[in-house]
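Q: Let's see this in three dimensions:
(4 chains)
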There are 2 protein chains.
Amino acid sequence: MELFQKIKDKYPYLPEDRILDVLSLGEIVMLNVGDIFIKEGEKTSKAGLVIEGMMRNYIVNDNGEEVTVVFATEMQPSVPYSSFFLGRAASETTAAVEPTILFVMDFLAFKSRSKSDLLYARLYADLLEEGYLAAIERIEDFTRTKPEQRYQRLLDTRGFLIERAPLKYLASYLGITPVSLSRIRKRVSQNR
Amino acid sequence: MELFQKIKDKYPYLPEDRILDVLSLGEIVMLNVGDIFIKEGEKTSKAGLVIEGMMRNYIVNDNGEEVTVVFATEMQPSVPYSSFFLGRAASETTAAVEPTILFVMDFLAFKSRSKSDLLYARLYADLLEEGYLAAIERIEDFTRTKPEQRYQRLLDTRGFLIERAPLKYLASYLGITPVSLSRIRKRVSQNR
DNA sequence: ATCGCTAATTATCTTTTGTAAAGTGCTTTC
DNA sequence: GAAAGCACTTTACAAAAGATAATTAGCGAT
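A: Numbering: from 1, shown residues only, chains lettered A, B, ... in the order given. Modelled structure (predicted):
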């Protein structure tokens, strides 16, 4: 199976039996555009891994607008973070941006294995490190640059997001309004 | 020793011998205001844990201005994240905001233990989860709110930072200029 | 107490963003 | 094929933030 190979490539220290075990913990789920995987307020231990497509986590702000906090593409986790880490109901909604193939497994089953199996512990630490680092870079971006520069950087480093995600999601992801992003786009395209 | 007790309180699953072992990995360092713990570009495996005082991580933006990415206060880690996770030179500088008592230990020694000791693995995962969650909340803040609301929220949730850190550090932490933060402060104090 | 340095505030002006509303283009649907 | 829905753009105006410079406040050293 292709997923098996992808996991093997990304985490080469995992013996095949562990990969098979991880795969046995979950199942493949197909989502259409807009389908919700986990809804805010839900208390769940379901974790998603994007095999193909794109997911996003969003919250709803004081004005009732959806604010996209993070996108997940191929081989990236799509999970209700605060729910897992705090054992609370999900504070974010997780939904498909594109038709998406998701590998869904039980996080608690995985985490409980990580408490008795060093390889799982290492895998979990790697996953956390990867996500944490991406979050820090995102914060650096917010503190260091202005919206226009953020758009430019996104264009340079993860341009595929701009091609694949609707502009209104991107806008809140960049911390601005769709109107403002539209203006930025115009300025940037007139390269100045 | 007080640090022993604090670790014991925060990570109750750690047996005393592990705590003592952790403590044996490091030493206490005293820093004065402005003292640099780890400098950008340095390749180090030193990790700090704030016992008393305050540290900050900062980067330098395109205009040569310092941008504070994160503060660390009591029992929070003060470390060069990207350096640890990627094995590269530090991309951030870590320095004392207040006179600070820092417990300094070797991250690699700790991490290597976490690869053979489940309790260390769990401790490491807990540390990562804590930091990751804080980072996500920070991102939610940037995407969801305007500078003035961010200041308000900071005032509500971590007001002590505002009392203890210079405004110029807080400004970049909030992603704005010191001048702008000064104006926000004025608006907020005139409660409207 | 004064000097000197830095931080914080204030003032002015420019640029950008937010907000609301209208317009454009494309797809869906009955 | 007209209407409705949606995403994106555009416009107009108000509010906020950036840039810069000048002023004031705070603080340690002499």
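Q: how close does the residue nearest the centre of chain A get to chain B?
A: Within chain A, one residue has its C-alpha closest to the average C-alpha position: by CA atoms, centre = their mean, that is residue A:72, at 3.1 Å. Distance check for residue A:72 against chain B: by CB to the nearest CB, to the nearest Å, it reads 13 Å. Where you see a C-beta, it was placed from the backbone N, CA and C, and this is true even at glycine.
Q: quick one: pLDDT of that residue?
A: We have a pLDDT of 97 for residue A:72.
Q: Next, give phi and psi for it.
A: The phi/psi pair for residue A:72 (degrees, to the nearest 10) reads phi -130, psi 120.
Q: Surely it and residue A:58 touch.
A: No. Using CB atoms under 8 Å, residue A:72 makes no contact with residue A:58, being 11.9 Å away.
Q: which SS state does residue A:68 fall under?
A: With DSSP: H, G, I helix; E, B strand; the rest coil as the basis, residue A:68 sits in strand.
Q: Pull the contacting residues for it.
A: Neighbour list for residue A:68: A:56, A:57, A:58, A:169, A:170, A:172, A:173, B:143 [criterion: CB atoms under 8 Å, 6 or more residues apart in numbering or on different chains].
Q: okay, now the third one: neighbour count?
A: Other residues within reach of residue A:58 by the criterion other CB atoms under 10 Å in any protein chain shown amount to 20.
Q: Quick check: which element contains it?
A: strand A:55-60 (DSSP states H and E).
Q: residues in contact with that strand?
A: Contacts to strand A:55-60, defined as CB under 8 Å, 6+ apart, come from residues A:31, A:37, A:40, A:48, A:66-72, A:78, A:80-81, A:91-97, A:100, A:102, A:165, A:169, A:172, B:140, B:144.
Q: Just the C-alphas of that strand, formatted as PDB.
A: Extracted C-alpha coordinates of strand A:55-60, given in PDB (Å, rounded to 0.1, in the frame of the first residue of the first chain):
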ATOM      1  CA  MET A  55      -7.800  19.900   5.300                       C
ATOM      2  CA  ARG A  56      -8.000  23.000   7.400                       C
ATOM      3  CA  ASN A  57      -8.700  23.800  11.000                       C
ATOM      4  CA  TYR A  58     -10.800  26.800  11.700                       C
ATOM      5  CA  ILE A  59     -12.200  28.700  14.600                       C
ATOM      6  CA  VAL A  60     -15.100  31.200  14.700                       C
END
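Q: re the thing from before, may I have the beta-bridge partners of the residue nearest to the centre of chain A?
A: Per DSSP bridges, the residues bridged to residue A:72 are residue A:55.
Q: and it, what does it touch?
A: Counted by CB under 8 Å, 6+ apart, residue A:72 has contacts A:48, A:50, A:54, A:55, A:56, A:57, A:78.
Q: Please tell me which one of the contacts of residue A:68 counts the most neighbours.
A: With neighbours defined as other CB under 10 Å, the most crowded of these is residue A:57; it has 25 neighbours.
Q: can you tell me how far that one sits from residue B:146?
A: As defined by CB to CB, to the nearest Å, residue A:57 lies at a distance of 21 Å from residue B:146.
Q: Likewise for residue A:15?
A: Residue A:15 sits 50 Å away from residue B:146 when distances are taken as CB to CB.
Q: And for residue A:188?
A: Applying CB to CB to residue A:188 and residue B:146 gives a distance of 23 Å.
Q: again with residue A:47
A: Residue A:47 is 33 Å from residue B:146, where distance means CB to CB.
Q: and if you look at residue A:112?
A: The value you get for residue A:112 to residue B:146, if CB to CB is used, is 42 Å.
Q: got it, and residue A:110?
A: Residue A:110 sits 38 Å away from residue B:146, going by CB to CB.
Q: Mind checking which of the contacts of strand A:55-60 are in strands?
A: Among the contacts of strand A:55-60, DSSP state E puts A:31, A:37, A:48, A:66-72, A:78, A:93-96, A:100, A:102 in strands.
Q: For ChimeraX, write the selection for the buried entries among those.
A: Buried members of the ones in strands among the contacts of strand A:55-60, defined by 16 or more other CB atoms under 10 Å in any protein chain shown, are picked up in ChimeraX with:
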select /A:31,37,48,67,68,69,70,71,72,78,93,94,95,96,100,102
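Q: any bit of the helix ranked longest in chain A sitting next to chain B?
A: If you go by DSSP state H, chain A has its longest helix at helix A:118-144. Yes. Interface with chain B: helix A:118-144 contributes A:118, A:121-122, A:124-125, A:128-133, A:135-140, A:142-144 (CB under 8 Å from any CB of the partner chain).
Q: Any stretches of chain A with poor pLDDT?
A: A:1, A:191-192 (pLDDT under 70).
Q: let's go with 80 and repeat that
A: A:1, A:190-192 (pLDDT under 80).
Q: Residues of it that sit close to DNA strand D?
A: Residues of chain A lying near DNA strand D by CB under 7 Å from any atom of the strand: A:146, A:166, A:167, A:168, A:178, A:179, A:181, A:182, A:183, A:185, A:186.
Q: switch the cut-off to 10 Å
A: Contact residues, chain A versus DNA strand D (CB under 10 Å from any atom of the strand): A:33-34, A:145-147, A:162, A:165-171, A:177-187, A:189.
Q: Keep only those of the residues you listed that are in helices.
A: Judged by DSSP H, helices contain the following of those: A:147, A:162, A:167-171, A:178-187, A:189.
Q: which parts of chain A sit against chain B?
A: A:59, A:61, A:67-70, A:81-82, A:85-86, A:114-116, A:118, A:121-122, A:124-125, A:128-133, A:135-140, A:142-145, A:172-175.
Q: domain assignment for chain A?
A: According to automatic domain parsing, chain A comprises the domains A:1-121, A:133-192.
Q: need the contact list for the residue lying closest to residue A:25 once chain neighbours are set aside.
A: Leaving aside its sequence neighbours, residue A:25 sits nearest to residue A:105 (CB to CB, 6 or more residues apart in numbering or on different chains; 4.3 Å). Listed by CB under 8 Å, 6+ apart, the contact set of residue A:105 reads A:22, A:25, A:26, A:27, A:46, A:47, A:49.
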